[in-house]
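S.K.: What follows is a protein structure lacking sequence information:
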RNA sequence: GUGGGCGUAGCUCAGCCGGUAGAGCUCUGGAUUGUGGCUCCAGUGGUCGCGGGUUCAAAUCCCGUCGCUCACCCCA
C-alpha cells in the first residue's frame, strides 16, 4: 500500500510557495492601509457554530462538513469557512467594547467534503476580511475597494465585480413569498432541482442553468423591485460610492449566495478567463444579524472571502518572475582543505546577512559551477589550494563572467560591496 | 451523489489493428587536467496503476477495481 495524500488536498511545494508568500505579503500591505488587523483563528470549532451561522439546510452543512466526535464526546467540525469563527471570537472577546468598528482579516485552510475539480479542493485556503460594527453603505464600498486595490496590486485585471442586494430581514421574507407564489405555477415545467429549490431556497431558481428554466426565471419577480426603501437607498449609495472613484461593476441579480447569513449587499468577483466553471475568485457581502444571532450586541457586518488557489492560478506570468530568491554566493571548494574551510566561511558570510549556498560533496569544479548556475547564484567564491595558500579567493560574477581576487581577511566586505555595486 | 476523459521513466508524452518499451526534458560523466550557461557524445532511470480473463505471446484486446482529472451540483 503506497503512501499517499488524501483526495482533494495538495502539498504546496517550493517553486509554488513563493507565489503564496507574495500574495500574502501583498494582502498584509494593502489591508493594513485600510486599518485591518490580522486575526489567527482555530481551524476547528464546535459543530453547532457552523450549523447555526451557515444554515442547517445549506449544502455546506448538510453534506460537506468534516465533523467528528472528539475524545471528550464533543461534536467538532473542521471549519468550512472563516466568518463564523470571526463572529464567535468577536463576541467571546467582547471586541464591540473596544472599538465601535472592528476591522479584521484572516488567512488559512478551510475544509469541505466535495468532489474535487478545477479550482475546488477539500482543503483550500481563503483570505477573509470582515468589517464589524457599521451598517453604513460606505463600509460596503470601502471593503470592496480594498479588494479591488488588492487585485490591482497583484496585476489582475481580467476580473469583474458583480453586486446585488438581497434585502434585509424586513423585505427579503416578503419577496421570498412573492417569488414562491410566482414559481408555483411553473413547478411542472421546472427541473427537478428547481422543484427542490422552490421549498428550500427559492432564490436559487433564478440562477438555474437548465435553459428552459432560465427562460422562465427571466419573467419571475426581481428582488430589486421588492426592496424596502432603506435597502433600496443603501444599495444606491453603495453604487454611488463605487461610481465616485470609477470602480467598474455590474449588477447581477442572480447572486444569491449559498450561506444563510447574508443580507443586503452581496457581491462576487468573477475571473473572466483562466478558471473553469469555478470562476468565483471572491464572494461576500453583508451579514447584519449574525452577531446578534449568537447573543452578541447588534453588530451589522460586511465581509468577504477569497479563494487562494483560484487567485494564484490566474496570477499574470510577468508578476511571477523573480519571486524565487537567488543565492548571493555559492562556495566552490576544491580539495578536502577547502571543504573544511568552507564551513566557517559560510557561517561568517551568512552572519552578515548574505544568502550563501556551499558545496558539500566536493566533485569536479565543472560540476560545482553547474550547481551554482542551476541555483542561479549571483556569485561564486572559488576556494582551492592556491587560494588558501595565498589567502586570496576568487570571486566570480555569474551573470557576466567577470572575476576578481579578494583577500581572505576582508572577504565579507568585498562581497557585500560587489553586490551593492549591482543594485 | 451523477456523467465524460485519462493512468507507460523524476517530469511531459509517443507506442495501443497483439511479438515482452521509446523520445524530449531532468540527473551523472565526458569532449574542455581548476571555471557554469550553448553544442555534441555516453550513461543512470520502467512491477507499462492494480487484479483477473482471452492468447503460443498482452503496455496493446475484454472484464473488474483503484487513482487522477474535467463537468453537473455547490461554492472561494
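M.R.: Arrived safely, thanks for sending. Source: prediction; values computed, not measured. Numbers count the residues shown, from 1 in each chain, chains lettered A, B, ... in the order given.

S.K.: outside of stretch A:203-223, which residues touch it?
M.R.: A:164-167, A:172, A:175-176, A:178-179, A:182-183, A:186, A:189-191, A:193-194, A:197-198, A:253-254, A:256 (CB atoms under 8 Å, 6 or more residues apart in numbering). For glycine as for every other residue, the C-beta is placed from the backbone atoms N, C-alpha and C.

S.K.: Residue ranges in chain A under the pLDDT threshold?
M.R.: For chain A, the stretches with pLDDT under 70 are A:1-2.

S.K.: Break it down into its domains, please.
M.R.: With domains defined by automatic domain parsing, chain A comprises A:17-168+A:228-320, A:171-227, A:329-422.

S.K.: near RNA strand B at all, the shortest one?
M.R.: Translated: domain A:171-227. Yes - for domain A:171-227, a contact with RNA strand B is found by CB under 7 Å from any atom of the strand, at A:193, A:197, A:204, A:207-210.

S.K.: from the contacts of stretch A:203-223, which would you call buried?
M.R.: Neighbour-count burial (16 or more other CB atoms under 10 Å) is assigned, among the contacts of stretch A:203-223, to A:164-167, A:172, A:175-176, A:178-179, A:183, A:186, A:190, A:194, A:197-198, A:253, A:256.

S.K.: From those residues, which land in strands?
M.R.: Using DSSP state E, A:164-165 are the members of the buried ones among the contacts of stretch A:203-223 that sit in strands.

S.K.: what's whichever residue of chain A sits closest to RNA strand B in contact with, if anything?
M.R.: Using CB to the nearest atom of the strand, the closest approach of chain A to RNA strand B is made by residue A:258 at 0.8 Å. By CB under 8 Å, 6+ apart, residue A:258 lies in contact with A:58-60, A:201.

S.K.: Now for those: which two are most distant?
M.R.: Largest separation among the contacts of residue A:258 by CB to CB: A:60 and A:201, giving 12.5 Å.

S.K.: Now do the contacts for residue A:408.
M.R.: By CB under 8 Å, 6+ apart, the residues touching residue A:408 are A:391-393.

S.K.: Okay, strands next: where are they in the stretch 1-150 of chain A?
M.R.: A:37-38, A:44-46, A:66-69, A:75-78, A:102-111, A:123-132 (DSSP state E, counting those that start in this stretch).

S.K.: SS state for residue A:340?
M.R.: Assigned by DSSP: H, G, I helix; E, B strand; the rest coil, the conformation of residue A:340 is helix.

S.K.: ok, residue A:87 touching residue A:290?
M.R.: Yes - at 5.4 Å, residue A:87 and residue A:290 qualify as touching, with contact defined as CB atoms under 8 Å.

S.K.: intersection of neighbour lists for those two?
M.R.: With CB under 8 Å, 6+ apart, residue A:87 and residue A:290 have common neighbours A:53, A:301.

S.K.: Grab the nearest non-local neighbour of residue A:160.
M.R.: Excluding the flanking residues, the one nearest residue A:160 by CB to CB, 6 or more residues apart in numbering is residue A:270, at 4.8 Å.

S.K.: Ok, residue A:51 next?
M.R.: Closest residue in space to residue A:51, ignoring its immediate chain neighbours: residue A:61 at 5.4 Å, by CB to CB, 6+ apart.
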